[in-house]
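K.L.:
coordinates for the following, if possible.
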Amino acid sequence: MSFLSVLLAAEPAKAAAQAAPAASEAHGPVADIVSLFGSFGVDGPHLLVQLINFAILAFILHRFAIKPALGQMEERNRLIEKGLADAQAATQRLADAQKAADAKLNAASDEAAKILADARHAAKAAVEAAKAEATAAQTEVIAKAKAAIEADRVKMLAEVRGEVSRLVVETAAKVLEQQLDDATRGRLNEAAVKQLAR
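P.N.:
Below you'll find the predicted structure:
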């Protein structure tokens, strides 16, 4: 039964309902309800057709308008919740990355301070070692210089003694005006050396 056939059938039903008010009493409680609605100006067949139209319209709206709109709203809500969850996760990851970066920075700072302290300690130790080495080298140079000076002094003293003894011998030879033999010259040298040693 189509929608148009229901509408066309409603007109004769209306006329029949108006023509037989007395017959409705014979049909029972349904007829009583129809006559009650008729007394208030409600036409039963038109009301039935309008209820069917409303049901069809409600079904169509629900199926093709409300349900897709609700689906889109749910999808948007889901996307918004997902976006909020992603934003919160990104914020948490950012906070974790910041903490990790701070920890790495602190570790690098501590490592740099340790390296700097080690470098200062090593530099101080190197300076102390260089000072000790320089002091040892200085002491060695001074000792060698003293030894060289002493050796030169001893050598020069020996040379001076030898020269003085030779001069004494020559002077004595001139004084005595004679040539001295080797034995006499040796005695005079020894005597001169003994005199110089005092």
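K.L.:
check what pLDDT Leu4 gets.
P.N.:
pLDDT for Leu4: 54.
K.L.:
now do the domain split for the chain, please.
P.N.:
When the chain is parsed with automatic domain parsing, its domains come out as 3-84, 149-197.
K.L.:
pLDDT weak spots in the chain?
P.N.:
1-27, 175-180, 197-198 (pLDDT under 70).
K.L.:
which stretches in it count as helices?
P.N.:
If DSSP state H is used as the criterion, the helices of the chain fall at 3-19, 24-27, 29-39, 44-61, 67-176, 182-197.
K.L.:
show me what the fifth one is packed against.
P.N.:
Packed against helix 67-176, as judged by 3 or more C-beta pairs under 8 Å, 6 or more residues apart in numbering; DSSP states H and E, are the following elements: helix 182-197. Heads up, the C-betas are built off the backbone N, CA and C, glycines and all.
K.L.:
quick one: list the elements packing against the helix it packs on.
P.N.:
Using 3+ C-beta pairs under 8 Å, 6+ apart: helix 182-197 touches helix 67-176.
K.L.:
can you redo the domains of the chain as CSV with mean neighbour count and distance to Ala108?
P.N.:
Shown next, in CSV, are the domains of the chain (neighbours: other C-beta atoms under 10 Å; distance: least, C-beta to C-beta, whole Å):
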stretch, mean neighbour count, distance to Ala108
domain 3-84, 12, 36
domain 149-197, 12, 59
